[in-house]
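fold the following for me, if possible:
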Amino acid sequence: MDKISIIAVIMGLTAIIAGQALEGGHIGSLLQLTAFMIVIGGTTSAVMLQSTPKQFIAGVRMTRWVFRPPVFDHEKMIREIIHWSQTARKGGLLTLEGYIGLQKDPFIKKALQMLVDGTEPDTLRAVMDVEIAMFEHARKQAARIWESAGGYAPTMGILGAVLGLIHVMENLSDPSKLGGGIAVAFVATVYGVGSANLFFLPMANKLKHLVASEIAMKELVVEGVVAIAHGENPRIIESRLRGFLAMHE
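Predicted coordinates for the structure are as follows:
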């Protein structure tokens, strides 16, 4: 569980509610179902319209990463690659076959299988780089639905404000209905700007950072496996991988 994300959400909501209360406003005035429907419903529909079903579903599923981010242990991966290198140096590439079934990540499993099969280093790198490029594109497209939501939400807030003011103008002769229309107008703007800057855009940036960390892990594997295929010394491989990791931190 990512505690800092939970704390951030609580702090953001508390700041808005406390600010409203300190100004003498009623907290209940921020709860407008109509404004919520316009902003969230409109934003969701816009994001769905611009995305493919696969991208949208993947992006929604990635939301859990904000609070339960996956752990990419690059140091552990380096140690494992060095172990593979030492094993291959002693007994040959075929001795790595036993490690293939131990891998949970299909990407690592494929890289090891190609290594054991004696694939040429340049070919191995080319194939795995294509895998990375395709994977990265899919991941980034999924994460970008939240970035798009952050762009659409303020506009939907303005739309809600305009609709609220239209309602007000239609009922100028009935003062009892003016308050509700004005409330919807301003609260819709709060929902639009608030959801974009407190949730959607920060979520998108966090997901992109996690995707970058995941891609760095895959690139680390490719660098290591290609170095093993070249028959490089384990110490040289370790030095190269640590340098590679330092460049991507």
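
surely M156 touches G42?
Yes. In this structure, M156 is within contact of G42 by Cβ atoms under 8 Å, at 3.9 Å. Quick note: C-beta positions are derived from backbone N, CA and C, even for glycine.

in terms of neighbours, single out the busier of these two.
M156 (26 against 19; other Cβ atoms under 10 Å).

run the chain-centre distance for the host helix or strand of the more buried one.
In this structure, M156 sits in helix 121-170 according to DSSP states H and E. Distance of helix 121-170 from the chain centroid (Cα atoms, centre = their mean, to the nearest Å) equals 10 Å.

got it, and stretch 221-231?
Distance, centroid of stretch 221-231 to centroid of chain: 29 Å (Cα atoms, centre = their mean).

got the buried residues for that stretch?
Under the neighbour-count criterion of 16 or more other Cβ atoms under 10 Å, stretch 221-231 has 221-229 buried.

any idea how far the residue positioned nearest the centre of the chain is from I145?
When Cα atoms, centre = their mean is applied to the chain, the residue found nearest the centroid is L207 (1.9 Å). Going from L207 to I145 by Cβ to Cβ, to the nearest Å gives 9 Å.

and the helix holding M156, what does it pack onto?
helix 33-36, helix 42-50, helix 53-61, helix 106-116, helix 178-195, helix 201-229 (3 or more Cβ pairs under 8 Å, 6 or more residues apart in numbering; DSSP states H and E).

how about the secondary structure of E232?
Recorded secondary structure, E232: coil (DSSP: H, G, I helix; E, B strand; the rest coil).

just to revisit the earlier point, report the inter-axis angle for the helix holding M156 versus helix 53-61.
80 degrees (axes from the mean of the first three to the mean of the last three Cα atoms, to 10 degrees).
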